[in-house]
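Chemist: no FASTA, just this:
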Ligand code: NAI
């Protein structure tokens, strides 16, 4: 089985190296992202293994299909970058639904604490032997209300952390669950009552630009918005406007809607053309990390283990536990429920 990796970094190679050559697995790594121009590199591959910013659109899928690629193995949970309807009945798609929800939840809290306790400022100051506390006043998280949108694996891990801090938790989910000590509300109420809003839902047509000028207008003045989910959940222009108007107190962003041409690469010697991102980064109350919430040893080895299992399942068994397809969730007669491949 020939597996071609796109957007592969050293940490990916390290996590996957123990599986190389085992059970017929043969790996080829490319640093470039998958797009129409680079799809050619997948010629001769059985599987392409992609990450969050590879663009697996309909044209790319058509090319992969022509080359005989049988499986798209996402080494991530989200699959908004794959055109599932174009892939249906052509190429199967698998993902890693869970690796370490703690990695992302803990990074979410790290960003929040860093922001509200001004750690990012203090770090730079003390490096320069500036021990002044001027402008570093923060606020307690204890007793504050956090609004969590999306209470799946990561949302719940984050809720547990917040409850450890003595915070009140409000939640919104399209499919609410029973979680002790958590009150589900409508989105509008969550927007109105939360001191902090943290996004943990997937990016879908329904959730795209969930945070926009209208929702921002409903929020408390000084609200802190944290996004470790997907960039396009937030309308960046509206976020910028909210920050400039001082309605939004701070923003912590591990993801950005136009991140795909920037994140994971070093642009320190270049002029970045994205004025919105550049302006956001200039603000003292905005912290940006470049989609690194998943980046822990535990998460990387979990991703590699499940990806390899997905590939071996595909070639060896009928059931594909982690397959996603265009119809997922829609069908009463879902083949996956009958433990079969989606098509
Ligand atoms: P999950 O599938 O366990 O949970 C997602 C939750 O969102 C579910 O409870 C679901 O019911 C809910 N949901 C679906 N549609 C919704 C809607 N319209 N409104 C509100 N809630 C809705 O997923 P998990 O593992 O918790 O991951 C959440 C997101 O985190 C992923 O979709 C992905 O985008 C992001 N992520 C980010 C990473 C990073 O490194 N920054 C790493 C891993 C995931």
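Modeler: In hand now; what should we look at? Please read all numbers here as calculations on a predicted model, not as lab measurements.
Chemist: contacts and neighbour counts: CA atoms only from here.
Modeler: OK.
Chemist: and the spatially most central residue of the chain, what helix or strand is that in?
Modeler: In the chain, the centroid-proximal residue (C-alpha atoms, centre = their mean) is residue 229; its distance is 4.0 Å. Per DSSP states H and E: residue 229 is located in neither a helix nor a strand.
Chemist: Next, find the distance separating the nearest residue to it once chain neighbours are set aside from residue 87.
Modeler: Closest residue to residue 229 apart from its sequence neighbours, by C-alpha to C-alpha, 6 or more residues apart in numbering: residue 200 at 5.3 Å. Separation of residue 200 from residue 87 (C-alpha to C-alpha, to the nearest Å): 26 Å.
Chemist: Equivalent analysis for residue 238, please.
Modeler: Distance from residue 238 to residue 87, by C-alpha to C-alpha: 33 Å.
Chemist: which of those two has more neighbours?
Modeler: Neighbours per residue, other C-alpha atoms under 10 Å: of residue 238 and residue 87, the larger number sits with residue 87, 23 against 17.
Chemist: wait, doesn't the more buried one sit right on residue 61?
Modeler: Yes: judged on C-alpha atoms under 8 Å, residue 87 makes contact with residue 61 at a distance of 6.3 Å.
Chemist: The ligand contacts on the chain?
Modeler: Contacts of the chain with the ligand, taken as C-alpha under 6 Å from any ligand atom, map to 77-78, 98, 104, 149-155, 172-175, 200-202, 206-207, 228-230, 254, 291-294.
Chemist: Which residue is the nearest non-sequential neighbour of whatever residue of the stretch 1-150 of the chain ends up closest to the ligand?
Modeler: When distances are taken as C-alpha to the nearest ligand atom, the stretch 1-150 of the chain reaches nearest to the ligand at residue 150, 3.8 Å away. Excluding the flanking residues, the one nearest residue 150 by C-alpha to C-alpha, 6+ apart is residue 201, at 4.2 Å.
Chemist: With residue 90 instead?
Modeler: residue 65 (6.6 Å).
Chemist: The one you found - how many residues pack around it?
Modeler: Counted with other C-alpha under 10 Å, residue 65 comes out at 16.
Chemist: Next, the buried residues of the longest helix anywhere in the chain.
Modeler: The longest helix of the chain (DSSP state H) is helix 297-316. Under the neighbour-count criterion of 16 or more other C-alpha atoms under 10 Å, helix 297-316 has 299-308, 310-312, 314 buried.
Chemist: Sweet, I'm off.
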